[in-house]
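Colleague: here you go, sequence then predicted model.
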Amino acid sequence: MNNHFKSSAFRHRSAAALIAALAIFAGGTSLSAAGALPVNDVFSASSADSSVTSSGSAASASIRQSTAGTAFIQVTAGTYYSVGLRVDGSVWTWGRNLLGELGLPDAAVASISAPVRLNHLTDIVSIATSGSGYQLAVKQDGTVWEWGKKSDSSTETQTPRQIPALTDVSQVSTMGSVNYALKRDGTVWAWTRNQETYEPGTPVRVQGLAKITSINVADNKVYALDSAGVLWIFSNKFEDNKLKLSLPARLAGIPAFKQIAIASNGQMYGIDAAGTAWKCTLDMSSSVLKLSAKPSKIFPELKVKQIQAADGYAVLLTTRGDVWTYGKKPAGKEGKVNGLRGINSIAAGEYHSLAIDSTGQVWGWGGNKWYEVGVPQNKTDGMVYLPEKVRTPVTVKVNGNLLVSSFPAIMDKNLVSIPVKDIAKALDADLVVTSSAYGSTYGLKYKQVTVAFKSSQTKAEMNGRSITLPMPVYTENGATMIPASLLKEMGFDVKWDSTRSELNIQSR
């Protein structure tokens, strides 16, 4: 099978050269190691080089100036996927995309095994997820952006776009079909997503709320915490594309909280001014807003600065930077999470958890069936029982522009590999793929240089010369990956910026 990916006017005049190059492999010609060219190590990248230092969370990040761009300051964990925000305002995502959760240009990609950068999202200061595949973000200018799964009944995806008529926003929270924004003046606004057209409705102000500092949602209820630590709760009902909101009511019988986290079925957690963590349970069977039992302290010996929750468990971050779990999810053990130190921020998903350390590095543990932890899968049960570093995010720019791709560049053993199809398109090059029972053979042509290579091999032919690649050509996430150094051999100007974890490719 021959697949042509054409990006320039080379289609006709390059065909003969490409076919000739591919014929070298078809004829079984061996490649001499003696004729291999050395590969420039400018594309090697030490993982230490791409790390950065942070001494705060999303609200108070203090990043070392020289490496500020690569530090993560916020992460959120959905069902089988993850989203991360870096201090440079870029948004990255990984994990399952089977239902269009990630908002990638290619909705056919089932999962992503390493962080991939979302185009069109810049200067972002806050992110939120419904947990089921729909995301919102707040930009530095106070505007709101959306992306992700369109509905539960299709695999259509929404790539990032702005929500109209929303300004001066500081925080967002989403149920998917109903969404909420907290404005800088402390007011709360609601809007819906039409379930047929997926277009956003007109935002309306929620009456009865003022001086709100944070908002959370779960089970069609909204939890709004005000500046005095008072918690206000109201319900929403969305039927026939019409939204009805109940009047906010104050929840009595709880301490004054400075932060809350909401799980399902009325499970709620909070942190008081002294740093004590509490668990509360709403009486979901009552028409009157009340607790089903008195609030109880959890791990009272700890001084907690952040808490996050999902169905069946909570994750706690102490002032010492340690992480604890209340409940045995996501990795089967309750108590202190071993292997984490100096943590600044946490996230709790349905089946996995995430944490950001003081360097801005993301760690993950729990279920990794769809690469939601952000590391390669093990071959036994798909679990990550101890926290592991999420793979290094790599920005790729071609001729000064961000690479438009649903596939991430991958850093492995200090070498960077890139998706050849999207790279060829961005470089206006010509790529021919020939498939057979023995695997795929690729021909890549740019100007007067033609290179031919096969999957799973380190040998290649360039204008009749044999060269050796630093790693085999391989497939990941459904994309064919080549070492970035191959472009250098083809005459492109390729540079690695370790302070930004950024690969720059320039045509000559």
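Modeller: Nice, I can see it. Numbering: from 1, shown residues only.
Colleague: buried ones in stretch 392-402, by neighbour count?
Modeller: Along stretch 392-402, these residues count as buried under the neighbour rule (16 or more other Cβ atoms under 10 Å): 392-398, 402. (Glycine included, C-beta is placed from N, CA and C.)
Colleague: with stretch 464-482 instead?
Modeller: By neighbour count on 16+ other Cβ under 10 Å, the buried set for stretch 464-482 is 466-474, 476-477, 479-482.
Colleague: ok, stretch 95-107 next?
Modeller: For stretch 95-107, a neighbour-count test (16+ other Cβ under 10 Å) marks 95-104, 107 as buried.
Colleague: how about those, which pair is most distant?
Modeller: G95 and A107 (14.8 Å; Cβ to Cβ).
Colleague: and the buried residues of stretch 95-107, which is closest to G339?
Modeller: The nearest member of these to G339, counting by Cβ to Cβ, is G95 at 20.9 Å.
Colleague: ok, D430 to V449 distance?
Modeller: The spacing between D430 and V449, counted by Cβ to Cβ, to the nearest Å, is 11 Å.
Colleague: so if I had to pick from the two, which one is more boxed in?
Modeller: Taking other Cβ atoms under 10 Å, D430 and V449 do not tie; D430 has more neighbours (24 against 15).
Colleague: partners of that one in the sheet?
Modeller: K6, K445 (DSSP bridges).
Colleague: I'd assumed Y442 was in contact with it.
Modeller: No. D430 is not in contact with Y442 according to Cβ atoms under 8 Å; the separation is 11.1 Å.
Colleague: relative to D123, how far out is G89?
Modeller: 4 Å.
Colleague: ok, the two, which is more surrounded?
Modeller: Each of G89 and D123 has its neighbours counted (other Cβ under 10 Å); G89 has more, 16 against 13.
Colleague: where's K421, which helix or strand?
Modeller: K421 is part of helix 420-426 when elements are defined by DSSP states H and E.
Colleague: buried sites along that helix?
Modeller: For helix 420-426, burial by neighbour count (16+ other Cβ under 10 Å) applies to 420-426.
Colleague: which of the buried residues of stretch 392-402 fall in strands?
Modeller: Among the buried residues of stretch 392-402, the members falling in strands (DSSP state E) are 395-398, 402.
Colleague: and the two most separated of the residues you listed?
Modeller: Greatest spatial distance in these: T395 and V398, 11.0 Å, computed using Cβ to Cβ.
Colleague: residues contacting T458?
Modeller: Each residue near T458 by Cβ atoms under 8 Å, 6 or more residues apart in numbering is listed here: 468-473.
Colleague: repeat the analysis, applying 7 Å as the threshold.
Modeller: 468-469, 471-472 (Cβ atoms under 7 Å, 6 or more residues apart in numbering).
Colleague: with distance to V206 added, can I get those in TSV?
Modeller: As requested, those are exported to TSV (distance: Cβ to Cβ, whole Å):
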residue	distance to V206
T468	64
L469	58
M471	54
P472	56
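Colleague: export those residues to JSON lines and tack on secondary structure, distance to L316 and pLDDT?
Modeller: Below are these laid out as JSON lines (DSSP: H, G, I helix; E, B strand; the rest coil; distance: Cβ to Cβ, whole Å; pLDDT from 0 to 100):
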{"residue": "T468", "secondary structure": "strand", "distance to L316": "51", "pLDDT": "97"}
{"residue": "L469", "secondary structure": "coil", "distance to L316": "47", "pLDDT": "97"}
{"residue": "M471", "secondary structure": "coil", "distance to L316": "41", "pLDDT": "96"}
{"residue": "P472", "secondary structure": "coil", "distance to L316": "43", "pLDDT": "96"}
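Colleague: state the pLDDT value of G56.
Modeller: Model confidence at G56, given as pLDDT, is 37.
Colleague: so what's the closest residue to G142 other than its chain neighbours up against?
Modeller: Setting aside the residues directly before and after it, G142 is nearest to D168 in space (Cβ to Cβ, 6 or more residues apart in numbering), at 4.4 Å. Neighbouring residues of D168 by Cβ under 7 Å, 6+ apart: 142, 183-184.
Colleague: just the helices in this protein please.
Modeller: Taking DSSP state H, the helices of the chain run over residues 15-26, 420-426, 485-489.
Colleague: comparing these by mean pLDDT, which bottoms out?
Modeller: The weakest mean pLDDT among those belongs to helix 15-26, with a mean of 40.
Colleague: which secondary structure elements does the helix holding K421 sit against?
Modeller: Where contact means 3 or more Cβ pairs under 7 Å, 6 or more residues apart in numbering; DSSP states H and E, helix 420-426 is packed against strand 2-6, strand 430-436, strand 439-446, strand 479-483.
Colleague: what two of the buried residues of stretch 392-402 are the furthest from one another?
Modeller: Pairwise distances across those peak at 19.4 Å for T392 and V398 (criterion: Cβ to Cβ).
Colleague: so where's this structure uncertain?
Modeller: 1-68 (pLDDT under 70).
Colleague: how does it look with 50?
Modeller: Applying pLDDT under 50 to the chain flags the ranges 5-67.
Colleague: pick out the residue nearest the middle of it.
Modeller: Nearest to the mean C-alpha position of the chain, by Cα atoms, centre = their mean, lies T93 at 1.7 Å.
Colleague: so that one bridges to which residues?
Modeller: V83, V116.
Colleague: contacts only, for it.
Modeller: Contact partners of T93, counting by Cβ under 7 Å, 6+ apart, are 81-83, 102, 115-116, 118.
Colleague: for Q306, same thing?
Modeller: By Cβ under 7 Å, 6+ apart, the residues touching Q306 are 259, 317, 345-346.
Colleague: ok, 10 Å please
Modeller: Q306 is in contact with 57, 259, 261, 271, 277, 315-319, 323, 343-347, counting by Cβ atoms under 10 Å, 6 or more residues apart in numbering.
Colleague: closest to E239 among the residues you listed?
Modeller: A261 (28.2 Å).
Colleague: next up, the contacts around that closest one.
Modeller: 216, 218, 223, 267-271, 277, 306-310, 314-316, 346, 348.
Colleague: rerun at 7 Å
Modeller: So A261 contacts 269, 307-309, 314 (Cβ under 7 Å, 6+ apart).
Colleague: pull the most distant pair out of those residues.
Modeller: Most distant of the contacts of A261, by Cβ to Cβ, are Y269 and Q308, 8.4 Å apart.
Colleague: anything in contact with each of these two?
Modeller: Common contact partners of Y269 and Q308 (Cβ under 7 Å, 6+ apart): 261, 314.
Colleague: count of neighbours near the residue nearest to T395 when sequence neighbours are not counted?
Modeller: Residue nearest to T395 in three dimensions, not counting chain neighbours: E502, with 4.3 Å by Cβ to Cβ, 6+ apart. Neighbour count for E502, taken as other Cβ under 10 Å: 20.
Colleague: E502 reaches V398, doesn't it?
Modeller: No. Judged on Cβ atoms under 7 Å, E502 makes no contact with V398 at a distance of 11.7 Å.
Colleague: tell me what P419 is bridged to.
Modeller: Counting by DSSP bridges, the residues bridging with P419 are M481.
Colleague: on that earlier part again, most neighbours among the contacts of D168, which one?
Modeller: K183 (18 neighbours).
Colleague: surely that one and R205 touch.
Modeller: No. The pair K183 / R205 is not scored as a contact, 8.9 Å apart, by Cβ under 7 Å.
Colleague: shared neighbours, these two?
Modeller: In contact with both K183 and R205: W189, using Cβ under 7 Å, 6+ apart.
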